[in-house]
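need coordinates for the following:
(chains A and B)
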2 protein chains.
Amino acid sequence: MAAIASSAAAPKAPSRPDPHRRVLDAAITCFTRNGFHGTSMHEICAEAGMSPGGLYRYFPSKDAIIIAIVEEERAARASLMACLEQAPGFVAGLVAMGDALFSGAVPMACVELAPEISAEAARNPVLKAKFDEVEAEMEEVIRRAFVAAQARGEVDPALDPDLALVMINAIGDGLLLRSRLEPDLPLATLMPLLGELIARMLAPPAAPPSSDLTR
Amino acid sequence: MAAIASSAAAPKAPSRPDPHRRVLDAAITCFTRNGFHGTSMHEICAEAGMSPGGLYRYFPSKDAIIIAIVEEERAARASLMACLEQAPGFVAGLVAMGDALFSGAVPMACVELAPEISAEAARNPVLKAKFDEVEAEMEEVIRRAFVAAQARGEVDPALDPDLALVMINAIGDGLLLRSRLEPDLPLATLMPLLGELIARMLAPPAAPPSSDLTR
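Residues are numbered from 1 along each chain as shown, chains lettered A, B, ... in the order given. Take a look at the predicted model:
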């Protein structure tokens, strides 16, 4: 196949998504099927219906594609953050985020690719840096909502936010993994009940006040 | 290199671990470094200091090695289950399991390789079957301990065990992932505090009884 990438304007097939997006979608399909390391640039070309010249014009390497996949979900992450910020309470916000993710209302490659991205981030410093940047943004929003919920009494003010965030992140990561390994588990349906469990964990103590976690 | 695998008895180097174990340890090292699909049988040979003939004598394929890694941790899993069963309570048992895993007291490849194994299980039916078998064994033990804790009043008898196990598994998987992505997070040290959060989630309601989750 000849390279098709000599000029900036793409004169044909205006109904197809832009080439950058087509590469990312093709790569997500391939990575989900065969993993990052089980996928070649050649396979991504074939899946995207694009020549190698076309592909390399947009992405110099598979690493660059992986990083772009994480980066490109900025809009989806903003939708998730809006779920949290617009909900009537902190736990309701977590439930709304889980519902949006697991129902597919906010489609994210990270749901399908969560284990691949995590595995790769653990050994690829450039991806890890991007991954950490994204995680830090999400964590900052969750932390702000958590502290606000403590201030208005929904969440026990005695709870250490750092500790609670380790737990909340673990629950989120664990559910993401579960949705991949057990696609039949109705996680969107279960979210309200899982939210009730989280609410129990975070609720201020009923009278008399116990101070188990006050440090 | 010539094949060394024509007879059953290995006449030399009696102080090295047995070849089966050597292959698994070498594979764990390689998989952690480069992922399943980024590792060749040749690299596993080199890491194990073994000829291809020697390696293929024990394992016909990389798939067979992956499955053996999961299978071979039966003893480690039994130690974890013993932590749970011998603890003074259900949550104390979960804390003891987490401490054993994250302190390294019960070394398991699944801690280092959790994302790789999960990613691969999601697309490799033979590994998935082994993974499901192992998960079902663990879940059965946790479920039994959970129901016993409900019977003696440590855990709210109104909680649905299926739902609680989805949550407990998510927390476990999420913490395993976190230990890989943030090796500096002192998870073993945090386990007692994380256990207190889990205890809040599972505790019977203080008077008056609420029936939020009674279904």
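
next SSE downstream of the helix or strand of chain A with the lowest mean pLDDT?
The helix or strand of chain A with the poorest confidence is helix A:109-121; it has a mean of 82 (mean pLDDT, DSSP states H and E). Per DSSP states H and E, the first helix or strand lying C-terminal to helix A:109-121 is helix A:125-151.

relative orientation of that following helix and helix A:109-121 in degrees?
Per axes from the mean of the first three to the mean of the last three C-alpha atoms, to 10 degrees, the angle that helix A:125-151 makes with helix A:109-121 is 120 degrees.

okay, now the residue nearest to A:G153 when sequence neighbours are not counted: neighbour count?
Nearest residue to A:G153, sequence neighbours excluded (C-beta to C-beta, 6 or more residues apart in numbering or on different chains): A:P204, at 6.2 Å. (C-beta placed from N, C-alpha, C; glycine too.) Using other C-beta atoms under 10 Å in any protein chain shown, A:P204 has 14 neighbouring residues.

do you know the pLDDT at the nearest residue to A:E139 once chain neighbours are set aside?
Counting by C-beta to C-beta, 6+ apart, A:L165 is the residue found nearest to A:E139 once chain neighbours are left out, at 6.2 Å. pLDDT for A:L165: 97.

the one 10 residues further on now?
Looking at A:L175, its pLDDT reads 94.

tell me which element it falls in.
Assigned by DSSP H and E, A:L175 falls in helix A:161-181.

quick one: list the elements packing against that helix.
When contacts are defined as 3 or more C-beta pairs under 8 Å, 6 or more residues apart in numbering or on different chains; DSSP states H and E, helix A:161-181 packs onto helix A:90-102, helix A:109-121, helix A:125-151, helix A:187-202, helix B:109-121, helix B:161-181, helix B:187-202.

near chain B at all, the second one?
Yes: Helix A:109-121 lies in contact with chain B when judged by C-beta under 8 Å from any C-beta of the partner chain; the contacting residues are A:P115, A:E116, A:S118, A:A119, A:E120, A:A121.

the least confident helix or strand of chain A - contacts with which helices or strands?
helix A:19-34, helix A:62-72, helix A:125-151, helix A:161-181, helix B:109-121, helix B:161-181.

closest to B:M81 out of those?
The closest of the helices and strands packed on helix A:109-121 to B:M81 is helix B:161-181. By C-beta to C-beta, the value is 13.0 Å.

quick one: distance of the closest one to the chain centre.
Distance, stretch centre to chain centre, for helix B:161-181: 12 Å (C-alpha atoms, centre = their mean, to the nearest Å).

between helix A:109-121 and that helix, find me the angle.
Using the same axes, to 10 degrees: helix B:161-181 against helix A:109-121 is 40 degrees.

could I have helix B:161-181 exported to PDB, CA atoms only?
Output of helix B:161-181 as PDB, limited to C-alpha atoms (Å, rounded to 0.1, in the frame of the first residue of the first chain):
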ATOM      1  CA  PRO B 161     -23.800 -11.700  50.800                       C
ATOM      2  CA  ASP B 162     -23.700 -11.500  47.000                       C
ATOM      3  CA  LEU B 163     -23.600  -7.800  47.100                       C
ATOM      4  CA  ALA B 164     -21.100  -7.600  50.000                       C
ATOM      5  CA  LEU B 165     -18.800 -10.000  48.100                       C
ATOM      6  CA  VAL B 166     -18.900  -7.900  45.000                       C
ATOM      7  CA  MET B 167     -17.700  -5.000  47.200                       C
ATOM      8  CA  ILE B 168     -15.100  -7.000  49.200                       C
ATOM      9  CA  ASN B 169     -13.700  -8.400  46.000                       C
ATOM     10  CA  ALA B 170     -13.500  -5.000  44.400                       C
ATOM     11  CA  ILE B 171     -11.600  -3.600  47.400                       C
ATOM     12  CA  GLY B 172      -9.200  -6.600  47.300                       C
ATOM     13  CA  ASP B 173      -8.600  -6.300  43.500                       C
ATOM     14  CA  GLY B 174      -8.300  -2.500  43.700                       C
ATOM     15  CA  LEU B 175      -5.700  -2.600  46.500                       C
ATOM     16  CA  LEU B 176      -3.700  -5.300  44.600                       C
ATOM     17  CA  LEU B 177      -3.700  -3.000  41.600                       C
ATOM     18  CA  ARG B 178      -2.700   0.000  43.700                       C
ATOM     19  CA  SER B 179       0.200  -1.900  45.200                       C
ATOM     20  CA  ARG B 180       1.600  -2.400  41.700                       C
ATOM     21  CA  LEU B 181       1.000   1.200  40.600                       C
END
